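> return atomic coordinates for the entry below.
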Amino acid sequence: MTHLLNEWSSLPFAFGGAAVSGEGGGYGFGKVSDPQGLLDRALDLGITLYDTAPIYGFGQSEVEFSQFFKRHKAKREKLRVVSKSGVHWHSSKRVDMTNDPKVTSKMLEESLKRLKTEYIDLYMIHWPDANVDIRYPLEVLAKAKEQGKILEVGLCNTHIDDLKAAGEVVPVKVVQSQHNIYDQPPQDVIDYILEKNLSFMAWGPFDKGILTGRVTKKREQAKDYDEEDCRKSAPWWNQKDIISKCEKLGFYCEFAKEKELELPELALSYVLSPNWSHVALLGAKTIADLEKAVHSRLVTLSSDEREEIQKQCRP
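Numbers count the residues shown, from 1 in each chain. The predicted model follows:
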C-alpha cells in the first residue's frame, strides 16, 4: 500500500535540516563549509524531501532552505519541505517548548516568511506538551490547511493519546520519531501507524554520530565538539550513556561484517527494515558523508536479526 512519503520521495531518505543550521545556535551540529553546495548535492542524488524546524539554528536552517528553493524554483512542486512548531524561543534565546495555539500560529507564519514560500508541504507538531490539549494547536493547523498554507499535518515524538486525539481534528499523515538501534517509538504508536497506514520518518538513525563510529568513549563533551555543536553542552548528551552505547559497538560492527555491511549501513538497514518505517533523515554535514549514506548498501533484516540486535541494548 502506498504511503504519502513514498509518493513524495523515490528514495528512503530525507535531508535533515539541522545539518545546515551552521553558527545559528539552537539545535545544530556545528559549522558547515558550504550549506548550499550540500543541499544541491542532495538534490543531485535524488533527495526530494527536506526536513527542518525553527529551532535548527534559531531559524538559520529555514533561511538556508529558502535560498535553496529559490535557486531551484522550477522544481519546487517536486521538492517537499517539512517544518514544525512547538519549540520556540525568546529574544534571550531561552527555549520554550509549548503547543499553545497562539504560538503555533505565530511559528507557522514565521516559518513561511523564513522559507519564502506560500505553503509548507508537511507541517508537524514538534513535541507533545502535557499542558496543552493537542487538539487546540491542531485546530490552527486544520484552518491553515484549508487556507492552503500547509498541505499535510504530522506529529513528531508523539504518544498514542495525542495520536488518537489528533484524528478528531485533522487527518495526521506522518509520524516522525527517533528510531535507531538504541531507540524506537513505543509499540502502541507503531501499531497505530500500521492500523491507520501512516507514513513514518525516522530521525537520528546514527544516534548523533555514535552509529557511524565517530563518537567514541574518549570524545569529551567539553573540549571535543565545536562551539556551535549542541552536543557540547546539551544535558541529554550524557557521557555515561555515550560510553554505554559505545561499548556495544564491537558487537554491531561484527554483526555488520557478517552481513557484508559497514556499521552505518547496518544502522540504516535496521531503521528501514520494518514495514512501518519508510524514510530516514540524513543529517550529513559534508558531501562525502551524504554520498556515502545515499549510496549505502541496504539489506532487509529479519525480525529475528532485529531482535538479536535489540538484545544488546537491554540492561
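
> residue nearest the centroid of this structure?
Nearest to the mean C-alpha position of the chain, by CA atoms, centre = their mean, lies Trp203 at 3.5 Å.

> next up, the contacts around that one.
Going by CB atoms under 8 Å, 6 or more residues apart in numbering, Trp203 touches 16, 51, 156, 176-179, 281. Where C-beta positions appear, they are placed from N, C-alpha and C, glycine not excepted.

> then Val82?
Each residue near Val82 by CB under 8 Å, 6+ apart is listed here: 14, 49-52, 120-124, 154, 176, 201.

> so what's it bridging to?
Val82 has the following beta-bridge partners by DSSP bridges: Asp51, Leu122.

> next one, pLDDT for it please.
Among the per-residue scores, Val82 holds a pLDDT of 98.

> separation between it and Tyr123?
Applying CB to CB, to the nearest Å, the value for Val82 to Tyr123 is 8 Å.

> between the two, which contacts overlap?
Common neighbours of Val82 and Tyr123 (CB under 8 Å, 6+ apart) are Gly154.

> list the buried residues of the least confident helix or strand in the chain by mean pLDDT.
Within the chain, no helix or strand scores below helix 239-246, which has a mean of 83 by mean pLDDT, DSSP states H and E. Burial within helix 239-246, assessed by neighbour count using 16 or more other CB atoms under 10 Å, is assigned to 242, 245-246.

> Val279 reaches Leu5, doesn't it?
Yes. With contact defined as CB atoms under 8 Å, Val279 reaches Leu5; the gap is 4.9 Å.

> give me the common contacts of these two.
Common contacts of Val279 and Leu5, defined by CB under 8 Å, 6+ apart, comprise 14, 49, 199-201.

> make TSV out of those residues and add pLDDT and secondary structure.
TSV is the format used below for the shared contacts of Val279 and Leu5 (pLDDT from 0 to 100; DSSP: H, G, I helix; E, B strand; the rest coil):
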residue	pLDDT	secondary structure
Ala14	98	strand
Leu49	98	strand
Ser199	98	strand
Phe200	98	strand
Met201	98	strand
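
> pull the most distant pair out of those.
Greatest spacing in the shared contacts of Val279 and Leu5, by CB to CB: Leu49 and Phe200 (13.0 Å).

> which stretches in this protein count as strands?
Under the criterion DSSP state E, strands of the chain are mapped to 13-16, 49-51, 80-85, 87-89, 95-97, 120-125, 150-156, 172-178, 199-203, 279-282.

> could you dump those to TSV with distance to Gln60?
Output for the strands of the chain, formatted as TSV (distance: least, CB to CB, whole Å):
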stretch	distance to Gln60
strand 13-16	14
strand 49-51	14
strand 80-85	13
strand 87-89	12
strand 95-97	15
strand 120-125	17
strand 150-156	20
strand 172-178	20
strand 199-203	18
strand 279-282	18
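
> let me know which of those is the nearest to Pro185.
With CB to CB as the measure, strand 172-178 is the member of the strands of the chain nearest Pro185 (4.4 Å).

> compute the first-to-last residue distance for stretch 180-190.
Taking CA to CA, to the nearest Å, the first and last residues of stretch 180-190 lie 14 Å apart.

> surely Thr286 and Arg41 touch.
No. When contacts are counted by CB under 8 Å, Thr286 is not listed as touching Arg41 (9.6 Å).

> who has more neighbours, those two?
Arg41 (19 against 15; other CB atoms under 10 Å).

> from Ala53, how far out is the residue nearest to that one when sequence neighbours are not counted?
Take Arg41 and drop its neighbours on the chain: the residue closest to it by CB to CB, 6 or more residues apart in numbering is Ile287, 4.8 Å away. Distance, Ile287 to Ala53, using CB to CB: 23 Å.

> those two: which has the busier surroundings?
For Ile287 and Ala53, the more surrounded residue by other CB under 10 Å is Ala53, and the numbers stand at 26 against 17.

> the more buried one is in contact with Gly17, isn't it?
Yes. Using CB under 8 Å, Ala53 makes contact with Gly17 at a distance of 7.0 Å.

> okay, and the common contacts of the two?
Jointly contacting Ala53 and Gly17 under the rule CB under 8 Å, 6+ apart are Ser61.

> ok, which stretches of the stretch 201-315 of the chain are helices?
For the stretch 201-315 of the chain, the helices defined by DSSP state H, counting those that start in this stretch occupy 239-246, 249-258, 263-272, 287-294, 303-311.

> most tightly packed of those helices?
helix 263-272 (a mean of 23; mean count of other CB atoms under 10 Å).

> now do that helix, average pLDDT.
Model confidence over helix 263-272, given as mean pLDDT, is 98.

> what of stretch 275-290?
What stretch 275-290 shows for mean pLDDT is 96.

> what's that stretch in contact with?
3, 5-6, 9, 12-16, 18-19, 29-30, 32-33, 37-38, 41-42, 45, 47, 49, 51, 179, 190, 193-194, 199-206, 268, 271-272, 293-294.
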